[in-house]
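K.L.:
Show me how the following folds:
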Amino acid sequence: METVGIIGAGAWGTALAATVRRAGRRVRLWAHEPEVRDGIAREGRNPLFLPEVTLEGVTATTDLAEGAATDAVLLVVPAQFLRSVCRRLRPAWKPGTAAVVCAKGIETQSCALMTEVVAEELPEAEVAVLSGPTFAIEVARGLPTAVTLACADTGLGQTLVETIGTPTFRPYLTDDVIGAEMGGAVKNVLAIACGVVEGRQLGDNARAALITRGLAELSRLAVARGARPATCMGLSGLGDLILTASSTQSRNYSLGVALGQGRSLSEILASRRSVTEGVATAGSVVDLAGRLGVEMPICAAVNGLLYQGIGVEETIRGLLARPFTGELGFTPGA
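P.N.:
Predicted coordinates:
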């Protein structure tokens with residue numbers, strides 16, 4: 001695969017463009033904003049997202065068909081926009097082209113995973129998932145990063161690893177597509193909760209507890225959806241959760257910090273250009289958990305804080321008032 005298209009020129013899409021170019025591939029980067037296309041063409045930089053990163057040899061376009069006329073396509077648009085973008089891509093899609101989902105989320109209303117959205121809208125695509133602990137600026141600068149590349153067709157998966165991998169951007173291959181997707185989606189919701197802990201100055205013990213108990217929630221939902229438990233312990237599960245739930249570089253964590261400090265959701269979102277995926281995904285995660293009969297108290301608490309008018313203090317009290325129980329499947333008195 002010599003030419004790679006990247007659909008979405010936000011911070012993550014820009015970082016992936018720099019990385020794939022570093023791997024020696026030709027890159028076409030589709031941008032929604034004409035000023036991004038023009039900035040890359042004129043100065044070799046994305047003026048709106050990651051302007052400090054040089055994009056040498058990257059071709060930018062606002063023509064979706066041109067962006068997808070490649071050997072493989074990385075889909076890096078926000079999760080809730082993926083369906084509409086894929087629908088627009090369908091007339092120009094070349095059968096058999098690999099579609100690598102790089103968005104992390106669960107579709108609202110349908111509770112569909114991103115690979116399911118792609119399969120419905122681009123039925124002739126070969127689908128894979130790229131996920132894991134990745135801050136865009138670090139990837140763009142070539143700092144060491146490890147990710148999960150999930151693909152049911154392991155032969156295609158290996159080809160994709162060889163196409164985008166570099167000594168400092170290291171994809172680890174799995175065939176557990178659902179597991180990779182679930183980790184990337186749920187960790188964003190859990191990161192908001194951890195941010196609230198930081199914003200309320202509840203301490204590092206509380207954040208560690210939330211990460212650990214949140215991982216248990218993530219694993220329960222992923223397994224109920226058909227994932228392997230081991231995948232949740234890997235880069236796309238535990239690895240991504242640790243990163244996203246402990247640094248203000250994370251949009252989800254920083255949003256939680258601001259909520260914990262007393263700012264309103266509308267105020268926080270109005271001040272941001274980039275999408276905070278966990279905000280939309282919180283409702284989808286809770287909805288999916290309800291459909292599958294999975295208990296997820298932390299994610300439900302975040303959803304209540306975001307959408308049900310439940311205050312921060314009441315949310316915290318509700319979690320702390322839950323009954324004591326066993327750990328890791330142990331049932332007291334059983």
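K.L.:
Where do the strands of this protein begin and end?
P.N.:
Remark: strands assigned in the chain by DSSP state E are 3-7, 26-30, 58-61, 72-75, 98-101, 126-131, 145-150, 169-174.
K.L.:
would you list those strands in CSV and tack on mean neighbour count?
P.N.:
Bear in mind the C-beta positions are built from the backbone N, C-alpha and C, glycine included. CSV is the format used below for these (neighbours: other CB atoms under 10 Å):
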stretch, mean neighbour count
strand 3-7, 26
strand 26-30, 24
strand 58-61, 20
strand 72-75, 27
strand 98-101, 26
strand 126-131, 26
strand 145-150, 24
strand 169-174, 19
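K.L.:
Who are the contact partners of residue 152?
P.N.:
Neighbour list for residue 152: 127, 175, 177 [criterion: CB atoms under 8 Å, 6 or more residues apart in numbering].
K.L.:
gap between it and residue 175?
P.N.:
Computed as CB to CB, to the nearest Å, the residue 152 to residue 175 distance reads 6 Å.
K.L.:
Now render the strands of the chain as a markdown table, adding mean pLDDT and distance to residue 278.
P.N.:
A markdown table is the format used below for those (pLDDT from 0 to 100; distance: least, CB to CB, whole Å):
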| stretch | mean pLDDT | distance to residue 278 |
| --- | --- | --- |
| strand 3-7 | 97 | 22 |
| strand 26-30 | 97 | 25 |
| strand 58-61 | 96 | 29 |
| strand 72-75 | 98 | 19 |
| strand 98-101 | 98 | 17 |
| strand 126-131 | 97 | 14 |
| strand 145-150 | 98 | 19 |
| strand 169-174 | 98 | 23 |
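K.L.:
Please compute how far stretch 144-157 lies from its chain's middle.
P.N.:
15 Å (CA atoms, centre = their mean, to the nearest Å).
K.L.:
now the end-to-end length of it.
P.N.:
21 Å (CA to CA, to the nearest Å).
K.L.:
Dump the strands of the chain to JSON lines, plus distance to residue 289.
P.N.:
Listed next are the strands of the chain as JSON lines, based on distance: least, CB to CB, whole Å:
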{"stretch": "strand 3-7", "distance to residue 289": "30"}
{"stretch": "strand 26-30", "distance to residue 289": "34"}
{"stretch": "strand 58-61", "distance to residue 289": "40"}
{"stretch": "strand 72-75", "distance to residue 289": "25"}
{"stretch": "strand 98-101", "distance to residue 289": "21"}
{"stretch": "strand 126-131", "distance to residue 289": "20"}
{"stretch": "strand 145-150", "distance to residue 289": "22"}
{"stretch": "strand 169-174", "distance to residue 289": "23"}
